[in-house]
Structure formats: structure tokens, C-alpha cells
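*Asks:* show me how the following folds:
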Amino acid sequence: MIDWRTTKLIDRIGWAKENLTRHDTEYCVVYEDIDMDTVAVMHPDPHCMAMLMHGGLMPPAWVKIQLQEDEQQPDFVSHKQGNGHLLDTTEPMGPLTEEEAVEWLIQTTVPKHIWENWNSGNKPKMVICTKKQLPPTRVWREAWTIGVAA
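*Replies:* Model prediction:
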């Protein structure tokens, strides 16, 4: 059995792509913000979902959030000189449910100011829905908006 705690993240990803069955989820995340031209739709990557649900391969969300915050610093040059080691040295999480995996992806993919305040203001800035709830084509996508349930 491989001890993933001593293996680089890139090697874990390679192993998972070769050995895990991808997990296609029906969930997707729709989000928008005042400075966006149109809504964004995040479809979870099936390989990442498989890794998160398998467990023992991916670092906790706080690691990726920390790296994103580092990148926002004006003097940022490279993760090699900063916290990049966290991806390889932080103990991987255990297995997640499908819903927890989507939540991890939200925290590591959707801009933090959106998911932290998704329900503040006059209407939601983010919704988790199924692919079937999206319009069938991207025609008129620039007119899409997150509606408020009546």
C-alpha cells in the first residue's frame, strides 16, 4: 500500500488518473458577481471528484486557499519560494461524500468573496444545482442570471 503522505501531489494525481474510475456528478455550481459579464458555471472535474471521494490523495481546502491568497500579494513571485510545499507536505484528507467534494471544489475554485458571502445582498450570488436545471444550450448565456425562487 502506498503512503500518500510522503508522495508529491503531482504523483498522486497521476496515480489516480490511471487507477481510479472517474466520478461524473450531476452537480454544478452557478455563480455571479457584480463585475462579471455573465454567470459562470463550474462543472466538477470527474477525475478530481474521484480523488476527493477516494480519500487520502488531496490536501485540505485551506491549503489551496492559502496559496491563492499568496498569489494576491503584490510581491508574489513563485510558490517555490513560499508555501508551495504545502501541496506535498500537508496530510491528505480522508474520503469525502459527493456533496462534500463539491463543497471542497467550491472553496478552491470559486472566488472566495463569492462563496463566503453567497447569500448576502438582494439575491444569491451562487447556487448549487444539477445539470438538468441549466438551459440546454449556451444561447443567450450573457443574459443568464441567478433567479430568486418565488
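*Asks:* any idea how far stretch 91-107 is from the chain center?
*Replies:* Distance of stretch 91-107 from its chain centroid, counting by Cα atoms, centre = their mean, to the nearest Å, is 9 Å.
*Asks:* so what's the residue sitting nearest the centre point of the chain up against?
*Replies:* By Cα atoms, centre = their mean, the chain has its centre lying nearest to Leu105, at 2.1 Å. By Cβ atoms under 8 Å, 6 or more residues apart in numbering, the contact list for Leu105 reads 29, 42, 44-45, 48-49, 52. Where you see a C-beta, it was placed from the backbone N, CA and C, and this is true even at glycine.
*Asks:* same check, this time on Asp45
*Replies:* Contacts of Asp45 (Cβ under 8 Å, 6+ apart): Leu105.
*Asks:* one more time with 10 Å
*Replies:* Residues near Asp45 by Cβ atoms under 10 Å, 6 or more residues apart in numbering: 22-25, 51-52, 105, 109.
*Asks:* looking at the contacts of Leu105, which are in strands?
*Replies:* Among those, DSSP state E puts 29, 42 in strands.
*Asks:* nearest to Ile146, of the contacts of Leu105?
*Replies:* Ile146 lies nearest to Val29 out of these, by Cβ to Cβ, at 10.8 Å.
*Asks:* poorly predicted segments of this structure, please.
*Replies:* Filtered on pLDDT under 70, the chain yields the residue ranges 1, 4, 34, 36, 78-84, 138-145, 147-150.
*Asks:* give the helix, strand or coil label for the residue nearest to the centre of the chain.
*Replies:* Judged by DSSP: H, G, I helix; E, B strand; the rest coil, the three-state class of Leu105 is helix.
*Asks:* what's the spacing between the helix or strand where Trp15 lies and its chain's center?
*Replies:* Using DSSP states H and E, Trp15 falls within helix 9-19. Averaging C-alpha positions (Cα atoms, centre = their mean) puts helix 9-19 18 Å from its chain's average.
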